[in-house]
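Visitor: here is the input, now give the coordinates:
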Amino acid sequence: MKCLVVDDSAVMRKILIRELGHIGIGPESIIQADDGKKAVWLARAGDLDLILMDWNMPEMKGVEAVAEIRCLGIATPILMVTSEGEARQANKAMEAGANDYLIKPFSTMALFNKVSTLLAHVAGELGLELICPPPRRAYSVNLDEGRIGPVIEE
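Guide: Prediction:
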């Protein structure tokens, strides 16, 4: 499993890497980029299984990077993880080639559900069975309030 996490915020990249760890994707499997241009370069250079992409970044916006990655013929699943929560933004991301959309703030379980669905689809296309254990502990990520803490999810 090789995952690319793209966000201009080092703090957000660290949070996403930690959250991916909670769902079984370790930091040794993750590479990072802080803008869309680098994301396109890394997507072209590497054999990635998953890309998590922010929207608002310098050099190249996430949605532009998604479109360029798709123009290169790269079919790696892309999950937009962004605070852009309007329906038209989600539609724009999907039209550019994103496979799904996760709005910040998010919970570990929401991330798990999106990632496992994307990876299960890819595994199915390859004739493989994907076994994703649920997160060991659920967290809520709320950057607006400046806190990250455990939550109880029903």
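Visitor: just checking, what packs against the lengthiest helix in the chain?
Guide: If each helix of the chain is counted by residues according to DSSP state H, the longest one is helix 108-125. When contacts are defined as 3 or more C-beta pairs under 8 Å, 6 or more residues apart in numbering; DSSP states H and E, helix 108-125 sits against helix 10-22, strand 50-53, strand 78-82, strand 100-103, strand 139-142. The way it works is simple: take the backbone N, C-alpha and C, and place the C-beta from them, glycine included.
Visitor: right, and the ones you listed - which one's nearest Cys3?
Guide: strand 50-53 (4.6 Å; C-beta to C-beta).
Visitor: for whichever helix or strand comes after the closest one, which outside residues touch it?
Guide: Per DSSP states H and E, the first helix or strand lying C-terminal to strand 50-53 is helix 62-71. For helix 62-71, contacts defined as C-beta atoms under 8 Å, 6 or more residues apart in numbering pick out 6, 36-37, 39-40, 43-44, 51, 53-56, 60, 76, 78, 80, 82, 92-93, 96-98.
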